[in-house]
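In: Provided below are the primary sequence and the corresponding predicted coordinates.
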Amino acid sequence: MALPGSGQGAGPFVPEQGASSQGLAVDGWPAAGRAGGLAGAVPPQGGAPWPGRAPRSDGDGGSPQQGAASGDEVFGGEVGWEPLGAGLRSPWESDGPDGGEETAPLPVHPGTSWRAKGLLVAGVAVSMVAAGAGGYLVARPYLMPEDFEGQGSGAVTVRILPGASAGEVGATLTSAGVVASVRSFINATEQKAVAEHLRPGHFRMRKGMAAGAAVDMLLRPETRVVTRVSVPEGMRAEEVFLRLARLGGLSLEELRSIDTELLGLPEYARGVEGFLFPATYEIEPGSTVADVLAAMVARFTAAAKDVRLAERAPEVNLTPLEVVTVASIVEAEGGRDADYPKIARVIYNRMEQGMPLQMDSTVTYAQSRRTLKVSVKDTRVRSPYNTYLRAGLPPGPIANPGEKALMAALNPAKGDWYWFVTTNPTHRITKFTDKESEFVRYREELNEYLGTN
């Protein structure tokens with residue numbers, strides 16, 4: 001029989017760090033926008049009386065009785081008054097030859113004095129400017145939110161929770177000093193149309209970053225602080241534990257003693273063997289053993305759903321657990337992907353004839369070994385997993401199969417084969433036969449390849 005293979009994985013990734021810049025000071029209210037008063041030409045000193053001046057009731061040098069004409073221009077500046085005092089006069093005061101001579105007023109509309117009209121214009125102008133100032137103050141955080149410049153400096157790790165909105169991500173970054181304001185970050189995500197592409201996880205960022213630069217950095221894969229561990233097809237649970245401990249920094253003791261109730265295993269599972277689905281997993285900072293193993297079980301559950309494992313198991317006269325067990329033997333025996341359905345057929349043909357499976361992979365599993373050399377003595381090891389001594393399938397999976405092996409277990413090839421041998425493990429050349437004499441010859445080819453008898 002062909003013997004178990006091996007896999008390889010990927011190491012952890014180390015993200016980069018960046019450079020620095022200074023923040024931007026936002027300017028205040030512009031001078032041209034300040035509220036002013038009414039302004040008009042000041043009458044010449046010693047000249048003709050001020051045109052349109054109303055009669056004074058008391059004849060003193062008090063304030064004028066009428067204001068500027070309704071057509072006067074409104075702009076930023078001071079009101080056209082000169083201070084009153086010795087030698088000084090109001091711009092509305094005449095300095096004609098007779099000193100106190102009164103001038104006739106210009107015609108006005110009934111009930112409306114020029115003073116009232118001037119005050120109305122002034123009031124409207126001030127109200128409009130005040131409204132503009134208030135609106136600016138309200139809109140300013142949205143139109144001109146605080147923002148830093150440049151790529152930032154130093155390093156800080158932030159965590160973005162699953163389902164976080166752009167505003168929530170912005171709040172996290174603002175609290176960490178990465179960006180200057182939540183609004184600047186939201187605006188940047190909207191301008192770049194990337195709000196839907198923000199991902200959860202831990203990210204190594206810089207402090208004092210422009211919001212646009214922070215958005216770009218979040219979207220770069222290398223910014224994410226994560227350890228990636230690849231688990232190849234056919235690994236045993238103990239081998240998976242060792243790999244996660246070595247490459248993922250998890251506790252081997254905790255992996256071995258995990259409470260399987262925490263993992264969401266299928267109800268038909270008897271343990272983790274067979275259900276730690278082979279794939280590449282991302283281990284976040286702070287991830288627990290239960291988090292990682294539960295993710296692997298969840299991945300198996302998704303694959304089982306895709307192939308409709310539970311629904312289709314009766315088609316091959318097996319329970320779901322037995323299908324996983326067959327798939328694990330198919331995976332452990334190796335060969336090329338095209339050979340998987342044929343290996344499954346050999347298993348079913350032997351089971352239908354009541355023949356022991358005599359799979360070398362089950363013997364080496366019982367011995368906790370990985371080897372291509374299985375002796376006659378090895379085939380006599382006492383274990384429920386030794387399919388040389390025990391008829392039928394072993395009590396459970398002997399490895400963690402991938403989706404192709406699961407598919408092969410549910411869709412065996414058509415054929416009359418009862419034996420197979422991987423005669424060249426390096427090139428994964430596997431030969432199938434329904435004749436025991438051919439099987440013996442194939443076995444000799446393998447022994448010659450291995451240099452054994």
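Out: It's in.
In: Stretch 299-312: end-to-end distance?
Out: 19 Å (C-alpha to C-alpha, to the nearest Å).
In: Can you give me the buried ones in it?
Out: 299-301, 303-304, 307, 309, 312 (16 or more other C-beta atoms under 10 Å). Yep, even glycine has a C-beta here, placed from its N, CA and C like the rest.
In: Looking at those residues, which is nearest Q367?
Out: F300 (25.7 Å; C-beta to C-beta).
In: Kindly indicate whether that closest one is helix, strand or coil.
Out: helix (DSSP: H, G, I helix; E, B strand; the rest coil).
In: In stretch 344-361, which residues are buried?
Out: 344-351, 357, 359-361.
In: low-confidence ranges in the stretch 351-453 of the chain?
Out: Across the stretch 351-453 of the chain, residues meeting the criterion (pLDDT under 70) sit at 452-453.
In: for it, what spans make up the strands?
Out: Remark: strands assigned in the stretch 351-453 of the chain by DSSP state E, counting those that start in this stretch are 419-424, 429-433.
In: re earlier: would JSON lines of the buried residues of stretch 299-312 with distance to R220 and pLDDT be doable?
Out: Putting these into JSON lines (distance: C-beta to C-beta, whole Å; pLDDT from 0 to 100) gives the following:
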{"residue": "R299", "distance to R220": "26", "pLDDT": "98"}
{"residue": "F300", "distance to R220": "31", "pLDDT": "98"}
{"residue": "T301", "distance to R220": "31", "pLDDT": "98"}
{"residue": "A303", "distance to R220": "30", "pLDDT": "98"}
{"residue": "A304", "distance to R220": "34", "pLDDT": "98"}
{"residue": "V307", "distance to R220": "35", "pLDDT": "97"}
{"residue": "L309", "distance to R220": "38", "pLDDT": "98"}
{"residue": "R312", "distance to R220": "42", "pLDDT": "98"}
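In: rewinding a little: tell me the one among the buried residues of stretch 344-361 nearest to F203.
Out: S361 (42.9 Å).
In: And for the closest one, nearest residue in space, chain neighbours not counted?
Out: Leaving out its chain neighbours, the residue that sits closest to S361 by C-beta to C-beta, 6 or more residues apart in numbering is A332, at 3.9 Å.
In: what's around that neighbour, how many residues?
Out: 29 (other C-beta atoms under 10 Å).
In: Can you tell me how far it is from T174?
Out: Spatial separation of A332 from T174 under the definition C-beta to C-beta, to the nearest Å is 53 Å.
In: same question, H202
Out: Taking C-beta to C-beta, one finds H202 at 17 Å from T174.
In: before we move on, which element is R159 in?
Out: In this assignment (DSSP states H and E), R159 forms part of strand 153-160.
In: buried residues in the helix or strand just after that strand?
Out: Beyond strand 153-160 on the C-terminal side, the first helix or strand identified by DSSP H and E is helix 166-175. Counting neighbours by 16+ other C-beta under 10 Å, one finds that the buried residues in helix 166-175 are 166, 169-174.
In: Output these in a markdown table; the columns should cover distance to V381.
Out: Listed next are these as a markdown table, based on distance: C-beta to C-beta, whole Å:
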| residue | distance to V381 |
| --- | --- |
| A166 | 60 |
| V169 | 57 |
| G170 | 62 |
| A171 | 61 |
| T172 | 56 |
| L173 | 59 |
| T174 | 63 |
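In: ranges for the strands of this structure?
Out: For the chain, the strands defined by DSSP state E cover 153-160, 201-207, 227-230, 280-283, 419-424, 429-433.
In: Can you tell me which of the ones you listed is nearest to V179?
Out: So among the strands of the chain, strand 201-207 is nearest, using C-beta to C-beta, at 9.0 Å.
In: mean confidence score for that closest one?
Out: The pLDDT scores in strand 201-207 average 96.
In: care to break this structure down by domain?
Out: As assigned by automatic domain parsing, the chain contains the domains 121-225, 227-306, 318-450.
In: what about the second one, start to end distance?
Out: It refers to domain 227-306. 27 Å.
In: what's E238 in contact with, if anything?
Out: Residues near E238 by C-beta atoms under 8 Å, 6 or more residues apart in numbering: 256, 368.
In: Tell me the spacing between it and V440.
Out: Here the distance between E238 and V440 works out to 34 Å (C-beta to C-beta).
In: can you check H202 too?
Out: 58 Å.
In: Next: A303.
Out: From A303 to V440 the distance is 38 Å (C-beta to C-beta).
In: got it, and K373?
Out: K373 is 17 Å from V440, by C-beta to C-beta.
In: got it, and A195?
Out: From A195 over to V440 (counting by C-beta to C-beta), the distance is 67 Å.
In: These two: who's more crowded?
Out: A195 (15 against 12).
In: wait, isn't F300 in contact with A279?
Out: No. Using C-beta atoms under 8 Å, F300 makes no contact with A279, being 9.4 Å away.
In: quick one: low-confidence ranges for this structure?
Out: For the chain (pLDDT under 70), the answer is 1-143, 452-453.
In: where along it do the helices fall?
Out: 114-143, 166-175, 182-192, 211-219, 237-248, 252-256, 289-306, 309-312, 320-333, 340-352, 360-366, 403-410, 436-450 (DSSP state H).
In: Indicate which one of these is closest to T387.
Out: Closest among the helices of the chain, using C-beta to C-beta: helix 360-366, at 4.4 Å.
In: Output the contacting helices and strands for that closest one.
Out: Contacts defined by 3 or more C-beta pairs under 8 Å, 6 or more residues apart in numbering; DSSP states H and E place helix 360-366 against helix 320-333.
In: which ones are touching K431?
Out: The contact partners of K431, by C-beta under 8 Å, 6+ apart, come to 420-421, 423, 438, 442.
In: Swap in 6 Å and give it another go.
Out: 421, 423, 442 (C-beta atoms under 6 Å, 6 or more residues apart in numbering).
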